[in-house]
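J.: What follows is a predicted protein model with its sequence.
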Amino acid sequence: MNTTAALPRAALALALSLPLAAFAQQTPQTAPAAMDHSGMDHSRMNHAQTNGANKKAPKKKAAAPAEATAMDHAAMGHSPKPAAAKDDANAAPDHSKMDHSKMDHAAPAKPADAAMDHSKMDHSQMDHAAMGHAALPRAQASQTPREPIPAVTDADRTAAFPPISLHMQHAPEFNRMVVINRLEAVDADRGSAQAWEGQAWFGSDTNRLWLRSEGEREQGRTESANLEALYGRAISPWWDVVAGVRHDFRPQRAQSWAAFGVQGLSPYKFEVSATAYLGERGQTALNLEAEYELLLTNRLILQPLVEVEFYGKDDPHRETGAGLSTAEAGLRLRYEISRKFAPYVGVSWERAFGDTADYRRAHGERVEDTRLVAGVRLWF
């Protein structure tokens, strides 16, 4: 073997192998340097946090070009490297040779995990259907306006309040009721006295026969008494028209009247009756009465009452004068042991006016009188 010729060839191979080995060793680390960073936005890069990460980063295999473009540069640091890190084979790529002319360094650097500022975003072009906002949350759906309530029409009112003929079709059977509103003892100036007032009706809810009576006895003698028989026709669920006759037994001689009027329950639950009379000798009269029941408890009831009488002309025989003749007001407190039996106590006030007061003065009677009463209310 020619030793002289082999030595130059061995020296040449050794000289060539050393550069190739060094190049092969540095190839995985220098692969990222071939990436084009000219179009990247490094305004949000954190140059302060990357140095420490680059120092401890282990050696990794070079990534493919497709993977390199997807790298997250938000956490990359571009602050000046320490001297010790320059010689480290695992250090980050050298950006000193990068083209930073297109980088936006005006915006301050922000942490990668900071919340995005949506105030400056243009949401008009966003596709909310693809973002999953098609269905509103339950809290927002409940705030959507409901359909407004329609206005009440005449048809609605007619359905709620049908005519009286249709309203009464469900109860055509015969009924009755007898109520004695006042059966009481009176503390009068000339001794005790008794008084009564009651009414009854027989028939259906549409057509009824009404009986009404009231009177007073004093010192064993009937001072006044009358009886009315009236036909009543319902004109609404709360009102009746009545017409019939009235007969006065006392005072003085008997007398008959033709009667017609209305009665029923007014708004605020006042029981009201207004009856006009025409006498057999041309006399005329008008009686107005109103009462109210105030429930203090389910059994304790306070009942105020007001009654006034008017006459068309003077009648000396009956001691009544034209115009406003008498007015009476009472207040009675009853306790309903049952709905059909209720004792009560109260006070009654009466006053005569005009010519009626003059007739009473002429006969030595009081013009104004206040009495204590006690009695019972009965219902059959």
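T.: Ah, there it is.

J.: Show me the helices in the stretch 151-300 of the chain, by range?
T.: In chain order, the stretch 151-300 of the chain shows helices spanning 154-160, 164-167, with DSSP state H, counting those that start in this stretch as the criterion.

J.: which stretches of the chain have low pLDDT?
T.: Residue ranges of the chain with pLDDT under 70: 1-145, 162-172, 189-190.

J.: Checking residue 317 next. Helix, strand or coil?
T.: Under DSSP: H, G, I helix; E, B strand; the rest coil, residue 317 falls in the helix class.

J.: For residue 236, see how far away the residue nearest to residue 230 when sequence neighbours are not counted is.
T.: In space, and not counting its chain neighbours, residue 230 is closest to residue 244: 3.5 Å by Cβ to Cβ, 6 or more residues apart in numbering. Where C-beta positions appear, they are placed from N, C-alpha and C, glycine not excepted. For residue 244, the distance to residue 236 (Cβ to Cβ, to the nearest Å) stands at 20 Å.

J.: Compare these two and say which is more crowded by neighbours.
T.: Each of residue 244 and residue 236 had its neighbours counted (other Cβ atoms under 10 Å), and the higher figure belongs to residue 244 (19 against 13).

J.: Who is that one paired with across the strands?
T.: According to DSSP bridges, residue 230, residue 259 are recorded as the beta-bridge partners of residue 244.

J.: looking at it, it is touching residue 212, isn't it?
T.: No. Residue 244 is beyond contact range of residue 212, at 9.4 Å (criterion: Cβ atoms under 8 Å).

J.: Need the residues touching each of the two.
T.: Taking Cβ atoms under 8 Å, 6 or more residues apart in numbering as the contact rule, residue 244 and residue 212 both touch 228, 230.

J.: that older thread, roughly how far apart are the residue nearest to residue 230 and residue 217?
T.: According to Cβ to Cβ, residue 244 and residue 217 sit 25 Å apart.

J.: Can you get me a residue count around residue 341?
T.: Neighbouring residues of residue 341 were enumerated by other Cβ under 10 Å; the total is 12.

J.: list the contacts for it?
T.: When contacts are counted by Cβ under 8 Å, 6+ apart, residue 341 touches 376, 377, 378, 379.

J.: tell me the contacts of the last one?
T.: By Cβ under 8 Å, 6+ apart, the residues touching residue 379 are 177, 178, 179, 180, 339, 340, 341.

J.: where's the fourth one relative to residue 199, distance?
T.: Okay, so that is residue 180. Using Cβ to Cβ, residue 180 is found at 9 Å from residue 199.

J.: which residues does the closest residue in space to residue 254 that isn't next to it in sequence contact?
T.: Distances taken as Cβ to Cβ, 6+ apart put residue 248 closest to residue 254, at 6.2 Å, once the chain neighbours are dropped. In this structure, residue 248 makes contact with 224, 225, 226, 254, 255, 256, 257, judged by Cβ under 8 Å, 6+ apart.

J.: which strand residues sit across from residue 248 in the sheet?
T.: The residues listed as beta-bridge partners of residue 248 by DSSP bridges are residue 226, residue 255.

J.: Are we agreed that residue 355 is in a strand?
T.: No. Counting by three-state DSSP, residue 355 falls outside a strand, being helix.

J.: Correct me if wrong: it contacts residue 314.
T.: Yes. Using Cβ under 8 Å, residue 355 is in contact with residue 314, at 5.5 Å.

J.: joint contacts of those two?
T.: 320, 321, 322.

J.: Buried ones among those?
T.: With neighbours counted by 16 or more other Cβ atoms under 10 Å, the shared contacts of residue 355 and residue 314 contain buried members at 320, 321.

J.: Check which helix or strand residue 360 maps to.
T.: Secondary structure assignment for residue 360, by DSSP states H and E: helix 354-362.

J.: so what's residue 281 closest to, chain neighbours aside?
T.: Take residue 281 and drop its neighbours on the chain: the residue closest to it by Cβ to Cβ, 6+ apart is residue 255, 7.8 Å away.

J.: That neighbour: how many residues sit nearby?
T.: When counting by other Cβ under 10 Å, one arrives at 20 neighbours for residue 255.

J.: Just confirm it contacts residue 279, I think it does.
T.: Yes. Residue 255 is within contact range of residue 279, at 6.2 Å (criterion: Cβ under 8 Å).

J.: Which among the contacts of residue 248 count as buried?
T.: The buried subset of the contacts of residue 248 - by 16+ other Cβ under 10 Å - is 224, 225, 226, 255, 257.

J.: which residues does the residue nearest to the second one when sequence neighbours are not counted bridge with?
T.: Excluding its sequence neighbours, the residue lying closest to residue 225 (Cβ to Cβ, 6+ apart) is residue 215, at 3.4 Å. Listed beta-bridge partners, residue 215: residue 196, residue 225 (assigned using DSSP bridges).

J.: Please name the residues that touch residue 215.
T.: Residue 215 sits in contact with 195, 196, 222, 223, 224, 225, 226, 249, 250, where contact means Cβ under 8 Å, 6+ apart.
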